[in-house]
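Enquirer: From the sequence below, what's the structure:
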Amino acid sequence: MRRPVTPLLAAVAFASCFGLPYPAMAAPEPPRLTVMVAETDTMGRVLTDPNGRTLYRFDPEGSGTVTCVGPCTDTRKPLLSPPGVELRLPPGIAGTLGTVPRPDGGNQVTYDGFPLYWYTDDVQPADTNGVDLFWHVINPRNAPVPAGKRS
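Expert: Residues are numbered from 1 along each chain as shown. Below you'll find the model as predicted:
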């Protein structure tokens, strides 16, 4: 039984018969970054989620244990990762991403052991309204200057 000839296979066969270069194959897209880096007006360079929302850590969760559950998550939303998705930092950023299971379900992304959250009252990308006595932005080590911010 003969298989149908696909357009790509036909183009490769044509090119090889006449000594032409093979058609270019599109490179696969790299996996999406889990976190990004943004420049803020008051806190320097901070980690953000892919939508530009500033990410925070909660001091009592330093051991990687999730304690912000229930009403706490009304304003502090966990950064979740679907199972099997590769966690990726921007190039040049030091630190380690991981996940920790949440008591209320799902896997929460961690940075250097701290579970990550975004704050609902941050309206614009890189807002830092969620900083208080126990909640802090994450200033990653070795963070390059974001594009468009070089002086």
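
Enquirer: Pull up the gap between the spatially most central residue of the chain and residue 81, please.
Expert: Nearest residue to the geometric centre of the chain (Cα atoms, centre = their mean): residue 34, 1.5 Å. Distance, residue 34 to residue 81, using Cβ to Cβ, to the nearest Å: 7 Å. In this view, the C-beta of every residue, glycine as well, is placed from N, C-alpha and C.

Enquirer: Overlap in contacts, these two.
Expert: 87, 109 (Cβ atoms under 8 Å, 6 or more residues apart in numbering).

Enquirer: For the nearest residue to residue 59 once chain neighbours are set aside, which residues are in contact?
Expert: Counting by Cβ to Cβ, 6 or more residues apart in numbering, residue 134 is the residue found nearest to residue 59 once chain neighbours are left out, at 4.7 Å. Residue 134 is in contact with 58-60, counting by Cβ under 8 Å, 6+ apart.

Enquirer: Now the buried members of these.
Expert: residue 58 (16 or more other Cβ atoms under 10 Å).

Enquirer: Residue 60 should be in a helix, yeah?
Expert: Yes: Residue 60 sits within a helix when classified using DSSP: H, G, I helix; E, B strand; the rest coil.

Enquirer: Wait, it touches residue 72, no?
Expert: No: Residue 60 is not in contact with residue 72 according to Cβ atoms under 8 Å; the separation is 10.6 Å.
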